[in-house]
Structures are given as C-alpha cells and as structure tokens.
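K.L.:
quick check, what structure comes out for this input:
(one chain, ligands or ions: 2)
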Amino acid sequence: MAFLEGKRILILGVASKLSIATGIARAMHREGAELAFTYQNERLGERVRQIAESTGSNLLFPCDVTSDTEIARLFTDLAQSWDGLDGLVHCLAFAPAGELDGDFVDVTTREGFLTAHEISSYSFVALGRAARSLMEGRNGSLLTLSYLGAMRSLPNYNVMGLAKASLEANMRYMTASLGPEGTRVNAISAGPVRTLAASGVKSFRKMLDYNARNTPLRRNVTIDEIGNAAAFLCSDLASGISGEVLYVDGGFNTTAMSALPD
Ligand code: NAD
Ligand code: 0WE
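P.N.:
Numbering: from 1, shown residues only. Ligands and ions are numbered 1, 2, ... in the order given. Predicted structure coming up:
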C-alpha cells in the first residue's frame, strides 16, 4: 500500500510510547512517510528521540507551543532540512490539574481557562500560520486530536471540553482559510486511551471500563487504530475531505443507550 510515500510530515505531541502521537507516527512510517518530531522540553527530548529513531527519523526539534519564538524557530530549523511540508499533526493539550477535578462551575478559573485554550486550541492556528508557506500548493494536510467532551459534558473533563469545542471550530475556520491554497484541515475525535495525559486523571480506569462496556464495539480503541485513521486523513486517499471531525471511538458517540439495563 504505502499510501504516504514521498510525504513529509511533522508530528507534535509525542511524550511516551503510549502517546497517541506515537501510534500516529508508527502508522505514518509504515505507510512510507518521512517524519519529523517536536518535544515539549528537554526532560522529554531523549524519549522522543528514541521514538523518532524507531520510525527512521533524526529530525527532532524543541517546541513549547506557549512560546512564539519556539514556534517560529521550529519552522526556520525545519526548513534547513525540508524545502516543503505535506502534513502537520497537532497532538497536544493541557489544562492545569485543578481544572480537571471537581464540579465544573466551582473549579473553573480564569487562569486555567486561558491556559487550556492557549495550549489546546490557539496553538493549532499558530502552528498552521507558521507552517503555511512551507505547505502552500502541495495539497498538504493539517490534523488535530479532539475528544467527545467538546460536544457533550462528562465528569471532570470540564474546561478541556470548552477548549476542544474551540479547537474543533478553529479547525473549521482553518479549513476555510487554507482550502483555497490546497491545504486540508481535519480532526480526529478519539475515544479514551491510557496515555501520560490520562494517567494524571482521577478514576481514569473507571472511565475506560465504562466506555468499553457502553461502546458498540464493546472495547476501547488503540493508538494504532487512531494512527491508521490519521495516516488516511493525511494521505491523498482523503483528498476530498476537509473540515471534518472523524470519530475513532468504536461508535460510542452515536448511541443514546448502549443496551437495556438488567
Ligand atoms: P500525551 O500525554 O501522550 O500527549 C500530550 C502531549 O502534549 C505531550 O507530548 C506533551 O508534551 C504535549 N504538550 C502539553 N503542553 C505542551 C506545550 N505547552 N507545548 C508543547 N507540547 C505540549 O497524551 P495523549 O492522550 O496522547 O494526548 C494527545 C492528544 O490527544 C491531546 O490533544 C488529547 O487531548 C487528545 N486526546 C486524548 C485522548 C485520551 O483519552 N488519551 C482521547 C481523545 C483525544
Ligand atoms: O484530552 C484529554 C486529556 C487532556 C489533559 C489531561 C491532563 C492530565 C494532567 C489535559 N491536561 C491535563 N493536565 C494535567 O495536569 N483526554 C481526552 C483524556 C481525558 O482526560 C480526562 C478525561 C479524558 C477522557 C480528564 C477528566 C475526565 C475525562
């Protein structure tokens, strides 16, 4: 198959081998893409380097998305190796821990709201702008990762739900903006996965169990399944798809009641 042969794709958001970005990198490498990676800080650099190497890449750049300077430097550095870019995968989010534990109305602060939206939504358009000239006219593709908490409320996801709603709208506005120059923009709304970001969340195991029991497929999704959908969306097989939120959640979002109770 190798439907990403000849594509150069930048992946942001690898933190460990469990990261959704790692599953995406594996699938894209398998389909023949050339990959580059970013890491948030030096603490994560070594681990990301190993994962990059396992996908045949030695292109590795620091980028904390709260810094305009680091975003700008990322693309000047990347342009030293690549004269164009075909794909960018935005696989990062953050809200301060206190925002994700307790009653939404009680725990949501101005500062936490701003941080969540800055890192989890604003960064996508900031990266899209910085990547624009490298991607223009190549039928390239931008992809971000969302969650059902953008559309529905659930316990503790709180301000992250607002940030994901913003991210999905951001994706649609970027679609309108970049479409005329041939660039597509999409989101994957993934079911819950045990990653580093999730391990910081109280009762995440319970949530995974609830989710598996109430999903049409009766199980949770894997980072490799999310990776396969991501590889497809960034490939020419998806050349007619832009502005879309693709659910990779075993069908969870489509049910109002998964089965009759006993
Ligand atoms: P993860 O912890 O493996 O990845 C989160 C990444 O965000 C890390 O690599 C971290 O370094 C990065 N990050 C945070 N703040 C940053 C900053 N200021 N600058 C640069 N990078 C920063 O967790 P994950 O679950 O793989 O998360 C990846 C994406 O998938 C996120 O957008 C998350 O919301 C989304 N998502 C996760 C799940 C889930 O259940 N795990 C489900 C749906 C969507
Ligand atoms: O988007 C996410 C995780 C986002 C996230 C997680 C953390 C934990 C550690 C953002 N910021 C932080 N900050 C931290 O300090 N998911 C979709 C996974 C997730 O997180 C939840 C969930 C699900 C599902 C938090 C509460 C409830 C459900």
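
K.L.:
burial of residue 8, as a residue count?
P.N.:
Each residue near residue 8 was counted by other C-beta atoms under 10 Å, and the total is 22. For every residue, glycine as well, the C-beta is placed using N, CA and C.

K.L.:
separation between it and residue 34?
P.N.:
As judged by C-beta to C-beta, to the nearest Å, residue 8 and residue 34 stand 5 Å apart.

K.L.:
now do the contacts for residue 51.
P.N.:
14, 17, 22, 25, 37 (C-beta atoms under 8 Å, 6 or more residues apart in numbering).

K.L.:
just the pLDDT for the residue nearest to residue 254 when sequence neighbours are not counted.
P.N.:
The spatially closest residue to residue 254, leaving aside those adjacent along the chain, is residue 216, at 7.2 Å (C-beta to C-beta, 6 or more residues apart in numbering). Here, the pLDDT recorded for residue 216 equals 98.

K.L.:
wait, isn't residue 216 in contact with residue 255?
P.N.:
Yes: with contact defined as C-beta atoms under 8 Å, residue 216 and residue 255 form a contacting pair (6.4 Å).

K.L.:
just the residues contacting stretch 255-262, thanks.
P.N.:
With C-beta under 8 Å, 6+ apart, stretch 255-262 has contacts from 213-216.

K.L.:
quick revisit: contacting residues for the residue nearest to residue 254?
P.N.:
Per C-beta under 8 Å, 6+ apart, neighbours of residue 216: 250-252, 254-255, 258.

K.L.:
repeat that with 7 Å
P.N.:
By C-beta atoms under 7 Å, 6 or more residues apart in numbering, the contact set of residue 216 is 250-251, 255.

K.L.:
for those residues, which one is nearest ligand 2?
P.N.:
residue 250 (13.9 Å; C-beta to the nearest ligand atom).

K.L.:
so which helix or strand takes in residue 261?
P.N.:
Using DSSP states H and E, residue 261 sits within no helix or strand.

K.L.:
what about it, neighbour count?
P.N.:
Neighbours of residue 261 (other C-beta under 10 Å): 5.

K.L.:
next one: residue 243
P.N.:
16.

K.L.:
before we move on, the earlier item: redo the contacts of stretch 255-262 as TSV? Include distance to residue 132 and secondary structure.
P.N.:
Shown next, in TSV, are the contacts of stretch 255-262 (distance: C-beta to C-beta, whole Å; DSSP: H, G, I helix; E, B strand; the rest coil):
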residue	distance to residue 132	secondary structure
213	44	helix
214	41	coil
215	38	coil
216	39	coil
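
K.L.:
what's the first-to-last distance across stretch 251-259?
P.N.:
End-to-end span of stretch 251-259 (C-alpha to C-alpha, to the nearest Å): 14 Å.

K.L.:
report the buried residues of that stretch.
P.N.:
Buried positions in stretch 251-259, judged by neighbour count with 16 or more other C-beta atoms under 10 Å: residue 252.
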